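# coords below, sequence missing:
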């Protein structure tokens, strides 16, 4: 990880004391500049994840009753979303296996820092692969999220519909995004389209 790598982290924790404590810890980790969003209401988590596309989520496994990382990844359309469990009580092996790793409230800063940096580095490397979109692929994303059909895109770009389908298949593979909603969020966040260009 390069010096002062910027990372977006969500802390999903209903306890203000724990949330503030982990927030302070994350800001003191050498080598990263943490942009932290604290979410205290389970109903707000999906909206916040879609809006900020975090590199990492720290979550208490009891957040919102019984937190389900698999369900969150499915709902936001991000299968590779990195989620770190905040262990307050003992977490059983089956529950811990749903997360990339576990940190404890009694862990020291170095332990927490090493786990966070390892996961954020992995997330950044995967993000770099996503940047390998061609200009044509970005153009097609823009037209897809504006509501155009494959045939309309082909006509506008003077290419065959089969070429459009091939480009769309490559985009889905590169971004690992397989829904129109996920593609729209990606396009807005990465400034491929403006919010005003999208048909609602």
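Okay, I see it. Source: prediction; values computed, not measured.
# distance of the residue positioned nearest the centre of the chain from residue 64?
Central residue of the chain (CA atoms, centre = their mean): residue 53, 3.8 Å from the mean position. In this view, residue 53 and residue 64 are 20 Å apart by CB to CB, to the nearest Å. Yep, even glycine has a C-beta here, placed from its N, CA and C like the rest.
# same question, residue 70
Taken as CB to CB, the span from residue 70 to residue 64 is 14 Å.
# for these two, indicate the residue with more neighbours.
Neighbour tally, residue 70 and residue 64, criterion other CB atoms under 10 Å: the higher count belongs to residue 64, 15 against 10.
# that's a strand at that one, yeah?
No - if the criterion is DSSP: H, G, I helix; E, B strand; the rest coil, then residue 64 is coil and not within a strand.
# and it, how close does it get to residue 44?
Relative to residue 44, and taking CB to CB, residue 64 is found at 10 Å.
# residue 89 now?
24 Å.
# looking at these two, which is more packed in?
A count of neighbours by other CB under 10 Å puts residue 44 above the other of residue 89 and residue 44, at 13 against 9.
# which helix or strand contains the more buried one?
Using DSSP states H and E, residue 44 sits in helix 42-52.
# for that helix, give the mean pLDDT please.
The pLDDT scores in helix 42-52 average 85.
# which positions in stretch 68-79 come out as buried?
Residues of stretch 68-79 classed as buried by neighbour count (16 or more other CB atoms under 10 Å): 69, 72, 73, 76, 77, 78.
# what score does residue 194 have for pLDDT?
80.
# quick one: mean pLDDT over the helix or strand just after the helix holding residue 44.
For helix 42-52, the following helix or strand on the C-terminal side (DSSP H and E) is strand 56-59. Per-residue pLDDT over strand 56-59 has a mean of 93.
# then stretch 151-159?
Here the average pLDDT along stretch 151-159 is 92.
# how about the helix or strand hosting residue 155: buried residues?
Assigned by DSSP H and E, residue 155 falls within helix 150-157. Using 16+ other CB under 10 Å as the test for burial, helix 150-157 gives 150, 153, 154.
# how close does residue 119 get to residue 54?
Residue 119 is 11 Å from residue 54, by CB to CB.
# distance of residue 80 relative to residue 43?
Applying CB to CB to residue 80 and residue 43 gives a distance of 24 Å.
# these two: which is more packed in?
Between residue 80 and residue 43, counted using other CB under 10 Å, the more crowded position is residue 80 (11 against 8).
# checking that one next. Helix, strand or coil?
coil.
# ok, and the helix or strand in this protein with the lowest average confidence?
When the helices and strands of the chain are scored by mean pLDDT, DSSP states H and E, helix 109-130 comes last with a mean of 72.
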